[in-house]
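Asks: Provided below for reference: sequence and predicted model.
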Amino acid sequence: MDFGKLTAYVDSLPQAGVPGCDLAVCRDHEIIYRHQAGHRDEKGLENVRENDTYCLYSATKVITTCAAMQLIEKGIISLDDPVSRFLPAFEHMQVKTENGLRPAKRTMTIRHLMSMQSGLNYDLGTPALLEAIRALGKDATTRQLMEAKAQDPLEFDPGDNFLYSLSHDVLGAVIEAASGQRFGEYLQEHIFAPLHLTTIGFSLSDHSRQSAQYFFNGETQKLEYQAPESNHYRLSPLFESGGAGLISDVDDYIAFADAIACGGEGKTGARILPPEMIQLWSANQLGPRSRKSFDAWNRKGYSYALGVRTRVENTPGSRGMIGEFGWDGAAGAWAMIDPYHHLSAFYAMHVRNFGYSYDVIHPTLRNLIYEALSL
C-alpha cells in the first residue's frame, strides 16, 4: 500500500478552500490510513485533532436507513407498507398540479421514503410546519413535526420521480412509531451501543471538541464562520432529524461504516445487519425518469438505492467497485462502503455550500484510495 498520493492530496485541501479535514480508511476492522490537514478553530491556530466532532448533515441518512433496514429484517416494517400505517396523517395526501391540488394516485410507502421518491420536498418554511413549530415550541417532537409536514401537498405522485427531500426525517418518525422508542434511543440501543460508539448523537456533550463550521459565500467567494452546532435542520430541541441531525467524530462514523462493509458485523463482534439486508439496502431503486432526476446531482456512475448512492457503472477515469455505496453531507462529509473488499472510508470537513466537495474532493479521494490499494 502506498498512500503517498492520497496524503499529498489531503494536505493540499486547505489551499483549495477547506480550513480543516480528517480522513480515515478501514479494511477488515483495521484502520489502514488516517490523516488530518488544516486547522480546527476559527483563528487557524489549532491543528485538526482526531477527536474533533462534525455536524454530519445528510451523512446521517445512511444511519437512519440502516435503522429502517433493521426493522425490515425483523419484520416490524415492510418496504411496501403505507407510511400511514405508522403515521396516520399521511393517509390522504394531496398533489400539486397546474390547476390546483388533487388526491394522490397512489399511497406513499416506506420504499418511497427511503428511495427519495415520496413526492415530499425539502421546504422547512411551509405554513403547516412553521405553525407546528410555533404552537409546540421547544416541546415539538420528531413525530409531531413530521406529521405536520403531511399537511403540505406533494410535488408528484409517490413513485413517479426522484426528489431529495425530508423523506428520511419522516422515516425517523416511522422508526419511532414502529419501534415504540424515541428515534435517538433506538439508534443508541441498536447501532451505537453494539458498536461501542461513544460520541455520535443528536447533541454535543462537549462543545470544545466541535470543529469550526463555515458557510461558503458564492458571491464573495469567502468563508463565513457559523456558530457551533449551527444546523437549520434542528427544528426544536426534541426534534431528532433522520435526514441531517447527527453529530459525530471520525472514529465513530468509520466504525459504523466498517461494520457495514464487513457484512454487518462490527469490530466488537456485534452484528447490526445481515449481509442479505445490506445487499437489498444498496440495490438500485430508480427507474429511467427518477434516474434522470438523480443524474442532475452529478454523481457519475451512481444511482440511488434505499437511502444511499450506489455504484452501478464504471466511468472513464474513475476507480472503484460496482456495488460500493454511501452518501455525503451538507458540510462536506463523505462516507464510502465497499462490501466486496470489506473496505470503508469516512471523510469529514465543515464547510457548507461548497460544491467543490462533491464534484472534485469526494471522487478524488475514492480514486486515490483504490489506487493506493491497487484495486
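Replies: Perfect, thanks for sending it. Bear in mind the structure is a predicted one, so any value in this text is a computation, not a measurement. Numbers count the residues shown, from 1 in each chain.

Asks: residue boundaries of the helices in the stretch 1-150 of the chain?
Replies: In the stretch 1-150 of the chain, the helices defined using DSSP state H, counting those that start in this stretch lie at 4-12, 60-73, 110-114, 127-136, 142-149.

Asks: Show me what secondary structure element comes after the strand or helix carrying Ser290.
Replies: Using DSSP states H and E, Ser290 maps to helix 288-295. Once the chain leaves helix 288-295, the next helix or strand it forms, by DSSP H and E, is strand 302-304.

Asks: List the neighbouring strands of that next one plus their orientation.
Replies: strand 309-311 (antiparallel) (DSSP bridges).

Asks: and the partner strand, average pLDDT?
Replies: The pLDDT scores in strand 309-311 average 98.

Asks: which residues touch it?
Replies: Residues outside strand 309-311 that contact it (CB atoms under 8 Å, 6 or more residues apart in numbering): 282-284, 299, 301-304, 320-327. Where C-beta positions appear, they are placed from N, C-alpha and C, glycine not excepted.

Asks: Got the phi and psi for Phe86?
Replies: phi -110, psi -30 (degrees, to the nearest 10).

Asks: can you check Asn367 too?
Replies: phi -60, psi -40.

Asks: Setting the sequence-adjacent residues aside, check what's closest to it.
Replies: Arg319 (4.6 Å; CB to CB, 6 or more residues apart in numbering).

Asks: what secondary structure does that neighbour sit in?
Replies: Here Arg319 takes the coil state, with states given by DSSP: H, G, I helix; E, B strand; the rest coil.

Asks: so it touches Leu373, yeah?
Replies: No. Contact criterion CB atoms under 8 Å: Arg319 and Leu373 do not qualify, at 9.5 Å.

Asks: just to revisit the earlier point, list the buried residues of the helix holding Ser290.
Replies: For helix 288-295, burial by neighbour count (16 or more other CB atoms under 10 Å) applies to 290-291, 293-294.

Asks: Widest-spaced pair of those?
Replies: Across the buried residues of helix 288-295, the longest distance by CB to CB is 7.3 Å; it joins Arg291 and Ser293.

Asks: Tell me the residues that contact both of those two, please.
Replies: Going by CB under 8 Å, 6+ apart, residues that sit against Arg291 and also against Ser293 are Phe162.

Asks: what's the domain layout of this protein?
Replies: 4-71+183-372, 78-179 (automatic domain parsing).

Asks: Compute the first-to-last residue distance for the first one.
Replies: Read that as domain 4-71+183-372. Using CA to CA, to the nearest Å, one end of domain 4-71+183-372 lies 8 Å from the other.

Asks: about what we covered before: among the buried residues of helix 288-295, which one lies nearest to Val83?
Replies: Nearest member of the buried residues of helix 288-295 to Val83, counting by CB to CB, is Ser290, at 18.1 Å.

Asks: contacting residues for the residue lying closest to the closest one once chain neighbours are set aside?
Replies: Leaving out its chain neighbours, the residue that sits closest to Ser290 by CB to CB, 6+ apart is Phe162, at 3.8 Å. Counting by CB under 8 Å, 6+ apart, Phe162 touches 115-117, 286, 290-291, 293-294, 304.

Asks: sec struct for Phe162, please.
Replies: Going by three-state DSSP: Phe162 is coil.

Asks: So which residues of the stretch 151-300 of the chain form helices?
Replies: 167-179, 183-187, 250-261, 275-281, 288-295.

Asks: Out of these, flag the one nearest Leu79.
Replies: Comparing these by CB to CB, helix 275-281 comes nearest, at 8.4 Å.

Asks: Check what pLDDT the residue located most distally from the centre of the chain gets.
Replies: Here the centre of the chain is the reference, and by CA atoms, centre = their mean the most remote residue is Asn99, at 35.3 Å. Model confidence at Asn99, given as pLDDT, is 90.

Asks: Could you give the backbone dihedrals for the nearest residue to Gln279 once chain neighbours are set aside?
Replies: Residue nearest to Gln279 in three dimensions, not counting chain neighbours: Pro339, with 7.8 Å by CB to CB, 6+ apart. Main-chain dihedrals, Pro339, degrees, to the nearest 10: phi -60, psi -30.
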